[in-house]
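Enquirer: What shape does this take:
(one chain, ligands or ions: 2)
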Amino acid sequence: MPETVAVPTVELNNGVSIPQLGFGVFQVKPDETAATVTAALDAGYRHIDTAQMYGNEKQVGEAITAYDIDPAEVFVTSKLNNGFHAYDDALRAFDQSLADLQREQIDLFLIHWPLPEVGFDDAWRALEKVYADGRARAIGVSNFQPHHLRRLHEEFTVPPAVNQIEVHPYLTQTELLAFDAEHQIATEAWSPIAQGLVLTDPVIVDVAERYQRTPAQVVLRWHIQLGNIVFPKSTSPARMAENFAIFDFELDQTDLALISALNRDERTGPNPDEFNWIPGQPR
Ligand SMILES: NC(=O)C1=CN([C@@H]2O[C@H](COP(=O)(O)OP(=O)(O)OC[C@H]3O[C@@H](n4cnc5c(N)ncnc54)[C@H](OP(=O)(O)O)[C@@H]3O)[C@@H](O)[C@H]2O)C=CC1
Ligand SMILES: O=C(O)C(=O)[C@@H](O)[C@H](O)C(=O)CO
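Expert: Ligands and ions are numbered 1, 2, ... in the order given. Got it, this is the predicted structure:
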């Protein structure tokens, strides 16, 4: 790990600290996950974002356990799969994640999608239970809109520590970020470089040239300066290192604003108010 790089941490609303830069494993094939996570740990990442839906928690757990550090040094997030929103199913699925990840505690466990046709009340009760039992250090949500978050705040005991949502220069989600901040919910930005879509944008290319950085570094730096938690995915060790080297420069206010102005409310992923897909069922 490059010794000069210190990844900042964000303090969640229950006092737990999370590294602001992590590594995501969506679309990393199970048989490539252990090697990929090992390479990410070699590059210095100490925060891995996985999910039951990705089918690779077991390999994430194997890589962390086999690595020559205390596994507790790696912050691990996982997420409840969409088919398990019933209370007992959610508890069982959480137990399976713990076993697969080879941990006694998961650092952060999220409801993956709000599922308008199913709802999330029983799932949140289950997450409150594993949190109360000390088996999740923090609990939160993903893809929640303000109307979902308001219900959680009004009807439940434990407020979500994070909301993991799609955010990048083409989908800045300014109002949702402000809502999260106002309610002490940390925002995690998924697909932070829009799966590569924003990297050829002329504005981003120009900013990158002026700072003598790559487009990905500039976009990730923009997230960091906005306060977002990010975990770009890459299967290339060179890109893992590139995405990690973002803490020795700073974008000025003008360039931050130039990148934010690229917003065109363009999603690369599903709309949470319409997404009801249960893995294993037809879309
Ligand atoms: N909660 C949710 O609903 C969701 C959560 N997520 C989380 O967010 C993480 C990141 O999002 P993801 O959708 O993977 O997309 P990202 O925005 O991280 O982009 C990943 C893509 O960009 C490429 N890439 C990575 N780094 C570079 C670079 N420096 N230069 C050029 N191309 C690069 C990768 O290719 P290559 O591998 O070849 O380098 C890959 O194709 C996921 O892994 C997952 O953990 C994602 C989607 C939904
Ligand atoms: O990557 C995730 O975390 C997701 O939820 C996505 O896979 C999402 O379910 C999707 O893009 C489905 O097409």
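Enquirer: Poorly predicted segments of this structure, please.
Expert: Scanning the chain with the threshold set as pLDDT under 70 gives 1-5.
Enquirer: quick one: contacts for the residue in it that ligand 2 sits nearest to?
Expert: When distances are taken as C-beta to the nearest ligand atom, the chain approaches ligand 2 most closely through Phe26, which lies 3.8 Å from it. (Glycine included, C-beta is placed from N, CA and C.) Phe26 sits next to 51, 54, 233 when contact means C-beta atoms under 8 Å, 6 or more residues apart in numbering.
Enquirer: What residues does the stretch 1-150 of the chain have near ligand 2?
Expert: On the criterion C-beta under 6 Å from any ligand atom, ligand 2 has as its neighbours in the stretch 1-150 of the chain the residues 26, 51, 53, 112.
Enquirer: Report the distance from the host helix or strand of Lys129 to the chain centre.
Expert: Element membership of Lys129 [criterion: DSSP states H and E] is helix 121-132. Mean-position distance between helix 121-132 and its chain equals 20 Å (C-alpha atoms, centre = their mean, to the nearest Å).
Enquirer: Report the buried residues of that helix.
Expert: If you call a residue buried by 16 or more other C-beta atoms under 10 Å, then helix 121-132 has these buried ones: 122-124, 126-127, 129-131.
Enquirer: Farthest-apart pair in those residues, please.
Expert: Asp122 and Tyr131 (15.0 Å; C-beta to C-beta).
Enquirer: ok, back up a step: could you pick out which of the contacts of Phe26 are near ligand 1?
Expert: On the criterion C-beta under 6 Å from any ligand atom, Lys233 are the entries of the contacts of Phe26 that sit beside ligand 1.
Enquirer: Kindly indicate which of the contacts of Phe26 lies nearest Phe75.
Expert: Using C-beta to C-beta, the shortest approach to Phe75 within the contacts of Phe26 belongs to Ala51, at 14.9 Å.
Enquirer: neighbours of that closest one, just the number please.
Expert: Here the neighbour count serves as a burial measure; for Ala51 (other C-beta atoms under 10 Å) it reads 21.
Enquirer: Tell me which residues touch the residue nearest to it when sequence neighbours are not counted, please.
Expert: Here the nearest residue to Ala51 in space, its sequence neighbours aside, is Lys79; by C-beta to C-beta, 6 or more residues apart in numbering that works out to 3.9 Å. When the contact criterion is C-beta under 8 Å, 6+ apart, the partners of Lys79 are 50-53, 109-112, 142, 164.
Enquirer: thinking again about what came up before, specify which member of the buried residues of helix 121-132 is nearest to Gly280.
Expert: Nearest to Gly280, judged by C-beta to C-beta, of the buried residues of helix 121-132 is Ala123 at 17.5 Å.
Enquirer: which residues does the closest residue to the closest one other than its chain neighbours contact?
Expert: In this structure, Ala123 finds its nearest non-sequential neighbour in His85, 4.3 Å apart by C-beta to C-beta, 6+ apart. If you count contacts by C-beta under 8 Å, 6+ apart, His85 has them with 111, 115, 118-120, 122-123.
Enquirer: Same check on Phe144?
Expert: Residues 111, 114, 152, 160, 163, 165, 272 are the ones in contact with Phe144 under the rule C-beta under 8 Å, 6+ apart.
Enquirer: My guess is the fourth one contacts Val141. True?
Expert: What it means is Pro160. Yes - with contact defined as C-beta atoms under 8 Å, Pro160 reaches Val141; the gap is 4.7 Å.
Enquirer: what sits in contact with each of these two?
Expert: Residues touching both Pro160 and Val141 by C-beta under 8 Å, 6+ apart: 149, 152.
Enquirer: Check this protein for the residue nearest ligand 1 and tell me.
Expert: Using C-beta to the nearest ligand atom, Gly24 is the residue of the chain that sits closest to ligand 1, at 2.3 Å.
Enquirer: burial count for that residue?
Expert: Taking other C-beta under 10 Å as the neighbour definition, Gly24 ends up with a count of 24.
Enquirer: backbone phi and psi for it, please?
Expert: Backbone dihedrals for Gly24, given as degrees, to the nearest 10, come out at phi -100, psi 150.
Enquirer: Pretty sure Phe231 is one of the things it touches, is it not?
Expert: Yes - checked against C-beta under 8 Å, the pair Gly24 and Phe231 is within contact range at 4.0 Å.
Enquirer: joint contacts of the two?
Expert: Taking C-beta under 8 Å, 6+ apart as the contact rule, the neighbours common to Gly24 and Phe231 are 48-49, 190.
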